[in-house]
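S.K.: Sequence first, then the predicted structure, then my questions.
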Amino acid sequence: MNAALPGEDLIETGLHDPRERRETVAALVVAIGAPRLRRLGLEIDSPPFTDLLVITEIPEGCPGSDDQDHPIVYHSEQDGNPEDYLERPLAARAEGSLMQPMVGPFPVRSYRLTVTLAKDLSNTTSYSCIDVVPS
């Protein structure tokens, strides 16, 4: 560890506590500062996280309108298997598996797929609009 870092002892503790399954203030400080600490060259484990998938029906067709409520046809926290959306903790520089949850089938209509990545950590949301067409 670089002794020139401010709070070096706190960071050192925060790097080791999650490995021992301890939830401490030091571990939280490291989790919050992880992007900056990685840019400084520190290898930081990734904590477990859960993604969120919500599929809504878009009766007016893609892309839909944000000022209207749309019926939810699938919500991963209620309809899916939570394990399908859980990323296990990863050691620094390790690669996780690609999540490939199965949803559907859905009737011919337009849908908006809203994905929130690492909902407990970053809360980064994106969406795609798709049309399910007859075969």
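M.R.: Thanks, I have the structure now. Numbering: from 1, shown residues only.

S.K.: Could you list the buried residues of the helix ranked longest in the chain?
M.R.: The longest helix of the chain (DSSP state H) is helix 25-39. For helix 25-39, the neighbour count (16 or more other C-beta atoms under 10 Å) marks 26-27, 29-31, 33-34, 37 as buried. In short, each C-beta sits where N, CA and C put it, glycine included.

S.K.: Columns distance to residue 102 on top of these, output as CSV?
M.R.: CSV is the format used below for those (distance: C-beta to C-beta, whole Å):
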residue, distance to residue 102
26, 39
27, 34
29, 38
30, 35
31, 31
33, 37
34, 31
37, 36
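
S.K.: Can you tell me which of those lies closest to residue 95?
M.R.: Closest approach to residue 95 among those (C-beta to C-beta): residue 34, at 17.0 Å.

S.K.: surely that closest one meets residue 43?
M.R.: No: Residue 34 is beyond contact range of residue 43, at 10.6 Å (criterion: C-beta atoms under 8 Å).

S.K.: Now do the helices in the protein.
M.R.: Under DSSP H, the chain gives helices at 8-16, 25-39.

S.K.: Check this structure and tell me which residue is nearest its centre.
M.R.: Centroid-nearest residue in the chain: residue 118, 1.7 Å away (criterion: C-alpha atoms, centre = their mean).
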